[in-house]
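Colleague: I'd like to go over a predicted model; first the sequence, then the structure.
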Amino acid sequence: MTDADRFEAFIREYQDMVFATAVRLLGNPVDAEDVSQTVFLKAYERFDEMGTSPTVAGWLKTVTTNLCLNHLGRYRSRWRLFSELRHDDDEAGFEESVLDPAVAGAALDEVDRRRQLEEALRRLPAHQRIPLVLFHFDEQSYQQIADTLGVSLAKVKADIYRAREKLRATLSVLDPTYAPADARGRTR
Amino acid sequence: MTMDPDELAALIDSELRDLPGPRAPRSLLPRVLAAVAEARRPWYARAWRTWPSAWQAASVVACALLLAAAALSLPVVQTAALHYAAPAVAPVAEAVQPVASRIEAVQRAFEVIWRVVIGPVAAMALVPVFLMLAASLALGAALRRLAFGGMTQS
């Protein structure tokens, strides 16, 4: 097997993991593909020393996360501006805006339900999606996320809480059993 | 209509962990392989903007030297060309002479009109144009600062 074949096999093995990390952080498949390409180019530069390393998956994930944050950092000032201008009132109805009207309230199979949730995750505003993804998929602590993003701990907690509430609202539209108990009680 | 935060965190964590990872698009692999093939080429065979900075600077200097050499040698080349080509172009020059004289006369007339009529007016018109340009640049810089930077994070 030539080096080119080995590297192609390497890409095939890790491309889904790298792309999934990028697309969840960036919320945009086009940007995620660009970042994934950059990640693999960096991996190629070090392929001789890390091609068979057991820590390669972790290295790829870290590099992907850092590149995504750098990518977002280019727009960070604008992101901050809009995140501060946005009011909670503007975010009401998030689940309706995300969900395909044809599926809202309909009985969905598990695949469709997960697809809707994935879509809802990507449609979260960046200032909520990024800390949420870092917390739940990268298993970073609130403090680590605050340090990484350069924002206050309170803001991280508030943004993650709001993001969870939005996802829960999406889930409750898809399946009313996900609504809080008091809400379910009122609808009965 | 809110849920206990810990309960909510556990619920969302469970849901997100159950999500299958999005698959990479089919275009990613060929894109990466093409980019790797590009990266394996020697630097001088790649696009100029990807050259090492030192070589970019050296190439700019080399081009500037070539242009300077060409500019300095131009009179010599011109003299030599005229010397050897004069017998051949003499009939053509005689035929063109009346036309060249007319063009020269028109050019002089235009120079006089510009100096006496248009020049002073144009100089006065340029002042408000530059003022408007400066005001536009200042406004653009202010908007850019407002939209892309200078905000503080809570």
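Modeller: The structure has been received and is ready for your questions. Numbering: from 1, shown residues only, chains lettered A, B, ... in the order given.

Colleague: could you look up the SS state of the most centrally placed residue in chain A?
Modeller: Among the residues of chain A, the one closest to the centroid is A:Arg24, at 2.7 Å (Cα atoms, centre = their mean). Here A:Arg24 is recorded as helix under DSSP: H, G, I helix; E, B strand; the rest coil.

Colleague: so where's chain A shaky on pLDDT?
Modeller: Chain A contains residues with pLDDT under 70 at A:1, A:51, A:75-108, A:176-188.

Colleague: so what are the domain limits for it?
Modeller: Listed by automatic domain parsing, the domain ranges of chain A are A:1-74, A:76-175.

Colleague: now do the same contact list for the nearest residue in space to A:Ser141 that is not next to it in sequence.
Modeller: Once flanking residues are discounted, A:Ser141 sits nearest to A:Phe135: 7.9 Å by Cβ to Cβ, 6 or more residues apart in numbering or on different chains. Where you see a C-beta, it was placed from the backbone N, CA and C, and this is true even at glycine. By Cβ atoms under 8 Å, 6 or more residues apart in numbering or on different chains, the contact list for A:Phe135 reads A:Ser141, A:Tyr142, A:Ile145, A:Ile160.

Colleague: quick check: the last one touching A:Val133?
Modeller: No. With contacts defined as Cβ atoms under 8 Å, A:Ile160 does not count as touching A:Val133, sitting 9.8 Å away.

Colleague: biggest helix in chain B by residues?
Modeller: Counting by DSSP state H, the longest helix found in chain B is helix B:53-113.

Colleague: give me the mean pLDDT for that helix.
Modeller: If you average the pLDDT over helix B:53-113, you get 88.

Colleague: now the element after that helix, going C-ward?
Modeller: Per DSSP states H and E, the first helix or strand lying C-terminal to helix B:53-113 is helix B:119-148.

Colleague: returning to that earlier point: helices and strands around the longest helix of chain B, which ones?
Modeller: Contacts defined by 3 or more Cβ pairs under 8 Å, 6 or more residues apart in numbering or on different chains; DSSP states H and E place helix B:53-113 against no helix or strand at all.

Colleague: that helix to helix B:119-148, inter-axis angle?
Modeller: Interaxial angle of helix B:53-113 relative to helix B:119-148 (axes from the mean of the first three to the mean of the last three Cα atoms, to 10 degrees): 150 degrees.

Colleague: returning to what we had before: contacts only, for the residue nearest to the residue nearest to the centre of chain A when sequence neighbours are not counted.
Modeller: In this structure, A:Arg24 finds its nearest non-sequential neighbour in A:Val133, 4.8 Å apart by Cβ to Cβ, 6+ apart. Taking Cβ under 8 Å, 6+ apart, we find A:Val133 in contact with A:Arg24, A:Leu25, A:Leu121.
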